[in-house]
Structures are given as structure tokens and as C-alpha cells.
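Asks: Have a look; sequence and predicted model below, questions after that.
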Amino acid sequence: MLSRFILSLIKIVTASLIVGAILSQFGITSERIMSEIGLTPERLAEIARQTWDWALPNVVLGAIFILPIWFVVFLFSPPGPSSE
């Protein structure tokens, strides 16, 4: 399962690199796109920071309830097929 995840990440990175190289040949840059929609790198960093500050406490609060429930279900679930 982990190898499928890593393979997917490699595909995404490769596709992003190819598309980025093509766009840069046409003179399209991330700074240019951000300036056209009215964003600055500082504002984008501030939005990311605000998102993180909002999301982290909510993830922790949800985990307080979800993890014990998952653990109890995991303990009492029937065993799956053996890996032998």
C-alpha cells in the first residue's frame, strides 16, 4: 500500500515538473499568476498560517474522539486473512 502511495507521489511530482517546464517556456510564472489575482507571497504565507492555526486545534479535537473509537473497533474486529 505504501509503495502505491509513493508511486502516486512520484507521478504527481513528474507531471508537475513537466507542466511547470512547459508553462515557463511560455513566460508564465507563479509570481505573475499571483500578481494577476492580487496575491503577494507574504499574503499567501499569512493565509497558510491562518489556515494552519485554525486547522490544528480542530484536528486535535477530532482525534481525541476518533482515535479511541478506532482503537476499540480495531481490537474487536475479526482477524483478516493471514499474510502467509
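Replies: Yep, that arrived. Note that the structure is predicted; figures quoted are calculated from it, not measured. Residues are numbered from 1 along each chain as shown.

Asks: how far away is L7 from A15?
Replies: Remark: distance between L7 and A15 (C-beta to C-beta, to the nearest Å) = 13 Å. C-beta coordinates here come from the backbone N, C-alpha and C atoms, glycine included.

Asks: With P81 instead?
Replies: The value you get for P81 to A15, if C-beta to C-beta is used, is 35 Å.

Asks: When those two are compared, which one has more neighbours?
Replies: With neighbours defined as other C-beta atoms under 10 Å, P81 and A15 compare such that A15 has more, 10 against 5.

Asks: in the protein, what spans have low per-residue confidence?
Replies: 82-84 (pLDDT under 70).

Asks: Please repeat the previous calculation with a cut-off of 90.
Replies: 1-4, 30-32, 34-35, 39-41, 77-84 (pLDDT under 90).

Asks: what's the spacing between the helix ranked longest in the chain and its chain's center?
Replies: For the chain, the longest helix by residue count, based on DSSP state H, is helix 41-76. Distance, stretch centre to chain centre, for helix 41-76: 13 Å (C-alpha atoms, centre = their mean, to the nearest Å).

Asks: Thank you kindly, that will do.
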